[in-house]
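Enquirer: sequence first, then the predicted structure, then my questions.
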Amino acid sequence: MADLTGRTVLITGASRGIGAAAARAFAEAGARVGLAARSAEAVAALAAKIDGLGLGCDVADPEAVTAAVAAVTDRWGRLDVLVNNAGLIEPIARMDAAEPEAWGRLVDVNLKGVFHGMRAALPVMRAQGGGTILTVGSGAAQHPLEGWSAYCAAKAGALMLTRVADQEHRAAGLRILSLSPGTVATDMQRAIRDSGVNPVSKLDWSEHIPPEWPARALVWMCTAEANPWLGQEVSLRDEALRRRLGLAA
């Protein structure tokens with residue numbers, strides 16, 4: 001595990017799944033952690049356990065994201081890492097049957113939420129001379145899947161935002177990259193299984209990796225070892241990378 005003592009981290013979607021596992025992993029690495037979720041109560045218990053800061057924040061609301069970044073910097077004086085993790089999978093529906101409001105809500109969270117996080121964090125990181133922004137991506141950014149039009153489109157857009165942000169801000173000392181974790185044993189994966197739509201829903205539960213694996217990868221991505229992936233996407237499907245991170249096959 002990398003030593004991130006003294007670093008300040010903000011994680012969106014931190015109430016469960018990859019976000020909650022990442023909060024624990026960053027705290028174990030010595031970081032000070034802000035945990036953001038739509039309900040402050042949802043992150044309060046975990047924040048208390050890791051001496052973190054629980055924050056109510058809907059990433060679809062740009063003012064709420066800006067306020068979350070300000071709360072972290074007010075408490076600890078800086079923001080070293082932003083993990084854009086918040087995401088939805090619903091609606092799972094073919095395009096001709098998808099409900100427009102739900103489709104748009106997913107885009108508001110999974111795509112615009114990433115933009116809102118970057119927009120709020122970039123000025124802070126540039127002013128302090130550096131920082132790392134991590135996007136939790138998906139193989140769906142590259143591969144179309146039945147019933148996932150909103151999810152695939154939003155994840156593809158989020159990856160492009162990551163690439164553009166790297167192009168615009170690497171020269172200022174910022175590190176911006178994405179993680180494609182593969183399929184992870186979380187509540188989102190249960191919703192996918194229950195939908196019965198496309199091959200991902202048919203996977204045996206044993207094929208999904210635990211959320212602690214992408215959490216450890218996110219911590220590692222904050223180190224210079226991940227610099228070859230700046231502006232790109234790290235894939236946890238890569239067996240060589242799993243071995244490098246000490247993750248079981």
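Expert: Arrived safely, thanks for sending.
Enquirer: burial measure for the closest residue to residue 136 other than its chain neighbours, as a count.
Expert: Using Cβ to Cβ, 6 or more residues apart in numbering and skipping the chain neighbours, the partner closest in space to residue 136 is residue 85 (4.4 Å). Where you see a C-beta, it was placed from the backbone N, CA and C, and this is true even at glycine. By the criterion of other Cβ atoms under 10 Å, residue 85 has 29 neighbours.
Enquirer: got the buried residues for the helix ranked longest in the chain?
Expert: For the chain, the helix with the greatest residue count under DSSP state H is helix 149-169. For helix 149-169, the neighbour count (16 or more other Cβ atoms under 10 Å) marks 149-159, 161-163, 165-166, 169 as buried.
Enquirer: got a list of contacts for the host helix or strand of residue 124?
Expert: Element membership for residue 124 (DSSP states H and E) is helix 112-128. Under the contact criterion Cβ atoms under 8 Å, 6 or more residues apart in numbering, helix 112-128 has outside partners 10, 12, 59-62, 65-66, 68-69, 73, 78-80, 82, 84, 86-87, 131, 133, 135, 158, 161-162, 165, 169, 172-174, 176.
Enquirer: can I have the buried ones of the residues you listed as a ChimeraX selection?
Expert: Selection command for ChimeraX covering only the buried members of the contacts of helix 112-128, criterion 16+ other Cβ under 10 Å:
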select :10,12,59,60,61,62,65,66,68,69,73,78,79,80,82,84,86,87,131,133,135,158,161,162,165,169,174,176
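Enquirer: in strands, which of the contacts of helix 112-128 appear?
Expert: 10, 12, 82, 84, 131, 133, 135, 174, 176 (DSSP state E).
Enquirer: for residue 131, what are its contacts?
Expert: Contacts of residue 131 by Cβ under 8 Å, 6+ apart are 79-82, 121, 124-125, 173-175.
Enquirer: mind redoing it with 10 Å?
Expert: 7-8, 78-82, 121-122, 124-125, 169, 172-176, 222 (Cβ atoms under 10 Å, 6 or more residues apart in numbering).
Enquirer: ok, it to residue 165 distance?
Expert: Noted for residue 131: a distance of 11 Å to residue 165, by Cβ to Cβ, to the nearest Å.
Enquirer: ok, residue 94 next?
Expert: From residue 94 to residue 165 the distance is 32 Å (Cβ to Cβ).
Enquirer: also residue 190?
Expert: For residue 190, the distance to residue 165 - Cβ to Cβ - is 32 Å.
Enquirer: center of this structure - which residue?
Expert: Centre of the chain computed as the mean C-alpha position; nearest residue by Cα atoms, centre = their mean is residue 85, 2.2 Å away.
Enquirer: I'd guessed that residue sits against residue 218; true?
Expert: Yes. Using Cβ atoms under 10 Å, residue 85 makes contact with residue 218 at a distance of 8.3 Å.
Enquirer: overlap in contacts, these two.
Expert: 11, 18-19, 21-22, 134, 136, 179.
Enquirer: I figured residue 188 hits residue 85, correct?
Expert: No. Using Cβ under 10 Å, residue 188 is not in contact with residue 85, being 11.3 Å away.
Enquirer: shared neighbours, these two?
Expert: With Cβ under 10 Å, 6+ apart as the test, residue 188 and residue 85 both reach 17-18.
Enquirer: contacts for stretch 160-170?
Expert: Residues contacting stretch 160-170 (Cβ under 10 Å, 6+ apart): 84, 111-112, 114-115, 117-119, 121-122, 125-126, 131, 133-135, 137, 141, 174-179, 229-233.
Enquirer: can you turn the buried part of these into a ChimeraX selection?
Expert: A single ChimeraX command selects the buried members of the contacts of stretch 160-170 (16+ other Cβ under 10 Å):
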select :84,111,112,114,115,117,118,121,122,125,131,133,134,135,137,141,174,175,176,177,178,179,229,230,233
